[in-house]
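Student: One predicted model, sequence on top.
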Amino acid sequence: MGATILIAEDDADIRGVLRLYLESEGYCVAEADSGTRALELAREAPPDMAVLDVMMPGMNGYELTRALRRFSDVPILILSAKSRDEDKILGLNLGADDYLAKPFNPVEVVARVKAQLRRAGRGAPAALTAGGLTLDAASLEVVRDGRAVALTPMEYKILSVLMRSPGRIFTKLQLYESVAGDYFEGDDNTMMVHISKLREKIERDPRSPRRIVTVRGLGYKFEAK
């Protein structure tokens, strides 16, 4: 199981995007819509890292950082619409490890989370084994029935997203945004091509797939059986 990331952010849309990107990398995510609730969660089940918004009801990100530092040394990344040097310095002086101004690219947030966890020596996502496949996030290697499978970076990302949430149905839009970011008209066909090529490499019979299954009218899911 991957490291647990606590997200404290009062904007539900931002929390949803961060959850999607972090979970696609194998992390567990705990969410709070206020600083007060985030502090409660951190005391109940200490996370491996915290990603905190500054402007929140009940307790802002700076106050939450100060409160967390009284009992925890977890890495803290502050997200804020305030980009002045004084605001960054304040956050870092209060105990934050990193500071990122809004608007941000969620891919960069994930990269910074990974970097902070490496520095702190905390858990990285473990290798996944399901359906006769092993996906190793450290070596970026996929093994099928004991043999290494050569995947393109896009194929690896798609398989990673699917394997980390077995049984969950992903639409083509969700998959594309998870692995490539912005979605454009026509990307449906691109995703279908990637899925087809991926099946050729990991399925025993690509014409009758048992690992990456199509859910008609909805999307795709990974079967771990």
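Tutor: Nice, I can see it. Numbers count the residues shown, from 1 in each chain.
Student: From now on I want contacts and neighbour counts done on CA atoms only, so please keep to that.
Tutor: Will do.
Student: which SS class is Phe72?
Tutor: Just so we're on the same page, residue 72 is Ser rather than Phe. Following DSSP: H, G, I helix; E, B strand; the rest coil, the label given to Ser72 is coil.
Student: residues near it, how many?
Tutor: For Ser72, the tally of surrounding residues (other C-alpha atoms under 10 Å) stands at 14.
Student: Ok, Arg119 next?
Tutor: 10.
Student: Use 415 as the first number for this chain going forward.
Tutor: That works, and once the first residue is 415, the last one we named lands at Arg533.
Student: Tell me how far it lies from Asp512.
Tutor: 12 Å (C-alpha to C-alpha, to the nearest Å).
Student: in this protein, which spans are strands?
Tutor: 418-422, 442-446, 463-467, 490-494, 512-515, 542-544, 547-550, 555-558, 561-563, 626-629, 633-636 (DSSP state E).
Student: Throw the ones you listed into a markdown table and include distance to Arg582, mean neighbour count and mean pLDDT, thanks.
Tutor: Formatted as a markdown table, the strands of the chain follow (distance: least, C-alpha to C-alpha, whole Å; neighbours: other C-alpha atoms under 10 Å; pLDDT from 0 to 100):
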| stretch | distance to Arg582 | mean neighbour count | mean pLDDT |
| --- | --- | --- | --- |
| strand 418-422 | 20 | 25 | 93 |
| strand 442-446 | 15 | 19 | 91 |
| strand 463-467 | 25 | 25 | 93 |
| strand 490-494 | 29 | 24 | 90 |
| strand 512-515 | 31 | 18 | 88 |
| strand 542-544 | 14 | 16 | 81 |
| strand 547-550 | 17 | 20 | 86 |
| strand 555-558 | 20 | 18 | 88 |
| strand 561-563 | 24 | 13 | 90 |
| strand 626-629 | 10 | 18 | 94 |
| strand 633-636 | 6 | 20 | 92 |
